[in-house]
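[1] Dropping the sequence and predicted coords here.
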Amino acid sequence: MTEIKVFGIFQHSHLLGTAIKTRHFRNGRELPPVATEPHYDFDFQETRILIEEISVRHGDKFVVECTYDSTGRTAPTLGGLSTRDEMCISNLFYYPKIPLKRCISTPTYDSISPSLSKMSILHAYNWTSPHDREIFKQKLRESSIRHICQGSNMIPQTLIYTFKENTTEYVPPASSACP
């Protein structure tokens, strides 16, 4: 099989999520985003049918970006299944069927400090400092990604790689609509 066709998407975050974007990359070049939800609301989630199907080829990569607003919280928010935790997920609906159950990607935090646990990393930065937050974000962008896909045979296949995205974000072509 050379490609699959994506016809729908369900983007998901929890209570702190304010925006979600699913980006698509092929051969080191960013393609138009699969979906952009600039005003995400946990109370109004839905599966969206795409206006045009998207072709996905072997080797394509996706980045799901979530924006959060935690200004109402005083303690760190962790990733997890609870609604009080956070997550950033994009489910793609596609055909033809392939023997794939799920794929999950998580940062390894190896550029931050291989010896620190995730909890220690939370306490290693002054999160009220914009400078410290920028340093953390930069180091996170330099970290490797652990990518785990599980097929219908339930045997997970793990790959660790460094994803270097383009430095230029996709810009849609100028509108040709009449004023």
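    That came through fine. Numbers count the residues shown, from 1 in each chain.

[2] Run through the helices of the protein in chain order.
    Ranges of helices in the chain, per DSSP state H, are 118-124, 130-142.

[3] List the residues that contact Gly79.
    Asp85, Glu86, Met87 (Cβ atoms under 8 Å, 6 or more residues apart in numbering). All C-beta atoms are positioned from the backbone trio N, CA, C, and that covers glycine.

[4] Mind pulling the model confidence for it?
    Note for Gly79: predicted pLDDT of 81.

[5] how close does Phe62 get to Cys103?
    9 Å (Cβ to Cβ, to the nearest Å).

[6] Count the residues that sit near Thr18.
    Other residues near Thr18 come to 15 when the count uses other Cβ atoms under 10 Å.

[7] What separation do you get for it and Val56?
    Per Cβ to Cβ, Thr18 is found 27 Å from Val56.

[8] ok, of the contacts of Gly79, which come out buried?
    Burial by neighbour count, 16 or more other Cβ atoms under 10 Å: within these this picks out Glu86.

[9] ok so, going back, looking at Phe62 and Cys103, which is more packed in?
    Higher neighbour count among Phe62 and Cys103: Phe62, with 17 against 14, using other Cβ under 10 Å.

[10] The residue nearest the centre of the chain bridge partners, please.
    With distances taken as Cα atoms, centre = their mean, Val64 lies nearest the centre of the chain, 2.0 Å away. As for beta bridges, Val64 partners with Thr22 under DSSP bridges.
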